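Chemist: quick check, what structure comes out for this input:
(one chain, ligands or ions: 1)
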Amino acid sequence: MSSPILNPEALERRTWHYIQSPAHFEVAACSCGNADTQWSEFRHHVWCDPCQKDFVPEHNGVFDGPIPIGVATMLGLNFDRFNMETGKVERLNHESAQYEDAAHV
Ligand SMILES: [Zn+2]
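Modeler: Numbers count the residues shown, from 1 in each chain. The predicted model follows:
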(Lines give C-alpha, C1' and ligand atoms only; values in the text may rest on other atoms or scores of the structure.)
Protein backbone atom coordinates (compact mmCIF):
# COMPACT_ATOMS: atom_id res chain seq x y z
CA MET A 1 0.00 0.00 0.00
CA SER A 2 1.43 3.37 -0.95
CA SER A 3 1.15 6.31 1.40
CA PRO A 4 -0.92 9.30 0.38
CA ILE A 5 1.04 12.04 -1.33
CA LEU A 6 0.62 15.54 -0.02
CA ASN A 7 -0.10 17.83 -2.91
CA PRO A 8 1.44 21.23 -2.07
CA GLU A 9 -0.73 22.84 -4.74
CA ALA A 10 -3.82 21.78 -2.81
CA LEU A 11 -2.62 23.59 0.29
CA GLU A 12 -1.65 26.78 -1.44
CA ARG A 13 -3.22 29.73 0.32
CA ARG A 14 -5.87 31.76 -1.39
CA THR A 15 -5.07 35.36 -2.17
CA TRP A 16 -8.70 36.15 -2.99
CA HIS A 17 -12.17 34.68 -2.75
CA TYR A 18 -15.52 35.38 -4.34
CA ILE A 19 -17.75 37.66 -2.32
CA GLN A 20 -20.71 35.31 -2.76
CA SER A 21 -20.46 32.09 -0.79
CA PRO A 22 -19.77 28.64 -2.33
CA ALA A 23 -23.48 27.75 -2.09
CA HIS A 24 -24.33 30.53 -4.58
CA PHE A 25 -22.14 28.76 -7.12
CA GLU A 26 -23.68 25.37 -6.28
CA VAL A 27 -20.41 24.02 -4.89
CA ALA A 28 -21.02 20.60 -3.27
CA ALA A 29 -22.06 20.56 0.38
CA CYS A 30 -20.02 19.07 3.21
CA SER A 31 -20.46 15.33 3.88
CA CYS A 32 -22.35 16.34 7.06
CA GLY A 33 -25.05 17.85 4.83
CA ASN A 34 -24.19 21.48 5.49
CA ALA A 35 -24.41 23.40 2.20
CA ASP A 36 -23.76 26.77 3.81
CA THR A 37 -19.97 26.57 3.52
CA GLN A 38 -17.43 29.37 3.29
CA TRP A 39 -14.33 29.77 1.13
CA SER A 40 -11.42 28.14 2.92
CA GLU A 41 -8.11 29.94 3.33
CA PHE A 42 -6.68 27.17 1.13
CA ARG A 43 -7.20 27.01 -2.60
CA HIS A 44 -9.60 24.32 -3.91
CA HIS A 45 -11.03 23.95 -0.40
CA VAL A 46 -14.13 25.19 1.38
CA TRP A 47 -14.76 25.49 5.09
CA CYS A 48 -17.56 23.77 7.02
CA ASP A 49 -18.33 25.69 10.19
CA PRO A 50 -20.30 22.92 12.02
CA CYS A 51 -17.46 20.44 11.32
CA GLN A 52 -14.70 23.05 11.78
CA LYS A 53 -12.82 21.64 8.81
CA ASP A 54 -11.46 22.50 5.39
CA PHE A 55 -12.36 20.04 2.68
CA VAL A 56 -12.24 19.59 -1.08
CA PRO A 57 -15.85 19.65 -2.29
CA GLU A 58 -17.11 16.70 -4.32
CA HIS A 59 -17.79 19.05 -7.23
CA ASN A 60 -17.35 22.74 -7.86
CA GLY A 61 -20.83 23.59 -9.09
CA VAL A 62 -20.82 26.16 -11.88
CA PHE A 63 -17.01 26.20 -11.92
CA ASP A 64 -16.92 22.66 -13.31
CA GLY A 65 -18.03 23.85 -16.72
CA PRO A 66 -17.54 26.82 -19.00
CA ILE A 67 -19.38 29.76 -17.49
CA PRO A 68 -21.41 32.00 -19.79
CA ILE A 69 -21.08 35.21 -17.79
CA GLY A 70 -24.29 36.76 -19.14
CA VAL A 71 -26.37 33.73 -18.22
CA ALA A 72 -24.69 33.41 -14.82
CA THR A 73 -25.45 37.06 -14.09
CA MET A 74 -29.11 36.54 -15.00
CA LEU A 75 -29.14 33.66 -12.52
CA GLY A 76 -27.99 36.06 -9.82
CA LEU A 77 -24.35 35.02 -9.70
CA ASN A 78 -21.80 37.69 -9.01
CA PHE A 79 -18.13 37.01 -9.69
CA ASP A 80 -16.80 40.05 -7.88
CA ARG A 81 -14.07 39.05 -5.50
CA PHE A 82 -12.31 40.13 -2.35
CA ASN A 83 -8.55 40.48 -2.60
CA MET A 84 -7.25 39.21 0.75
CA GLU A 85 -3.83 40.82 0.20
CA THR A 86 -5.02 44.34 -0.57
CA GLY A 87 -8.30 44.15 1.36
CA LYS A 88 -10.06 45.51 -1.71
CA VAL A 89 -13.05 44.41 -3.75
CA GLU A 90 -12.31 43.67 -7.41
CA ARG A 91 -15.13 43.76 -9.92
CA LEU A 92 -15.35 41.59 -12.99
CA ASN A 93 -15.54 43.65 -16.15
CA HIS A 94 -18.02 41.64 -18.22
CA GLU A 95 -16.70 42.95 -21.53
CA SER A 96 -13.01 42.25 -21.00
CA ALA A 97 -13.53 39.36 -18.52
CA GLN A 98 -10.74 40.96 -16.47
CA TYR A 99 -10.84 42.02 -12.84
CA GLU A 100 -10.61 45.70 -12.02
CA ASP A 101 -10.12 47.52 -8.79
CA ALA A 102 -13.60 48.57 -7.63
CA ALA A 103 -12.29 52.11 -7.20
CA HIS A 104 -11.78 52.39 -10.97
CA VAL A 105 -15.27 51.20 -11.89
ZN1 LIG B 1 -19.64 19.57 7.70
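
Chemist: any chance you could map the helices in the chain?
Modeler: 69-74 (DSSP state H).

Chemist: near the ion, which residues of it show up?
Modeler: Counting by CB under 5 Å from the ion, the positions of the chain adjacent to the ion are 30, 32, 34, 48, 51. To be clear about C-beta, it is placed using only N, CA and C from the backbone, and glycine gets the same treatment.

Chemist: need the contact list for residue 16.
Modeler: 81-85, 90 (CB atoms under 8 Å, 6 or more residues apart in numbering).

Chemist: for this structure, which strand is longest?
Modeler: Using DSSP state E to define each element, the chain has its longest strand at strand 88-93.

Chemist: that one pairs with which strands, parallel or anti?
Modeler: Here strand 88-93 is paired, per DSSP bridges, with strand 81-83 (antiparallel), strand 98-101 (antiparallel).

Chemist: can I get those strands in a markdown table with mean pLDDT and mean neighbour count?
Modeler: Shown next, in a markdown table, are these (pLDDT from 0 to 100; neighbours: other CB atoms under 10 Å):
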| stretch | mean pLDDT | mean neighbour count |
| --- | --- | --- |
| strand 81-83 | 96 | 17 |
| strand 98-101 | 92 | 13 |
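
Chemist: and residue 23, which of those strands is closest to it?
Modeler: Of all these, it is strand 81-83 that lies closest to residue 23, at 16.2 Å by CB to CB.
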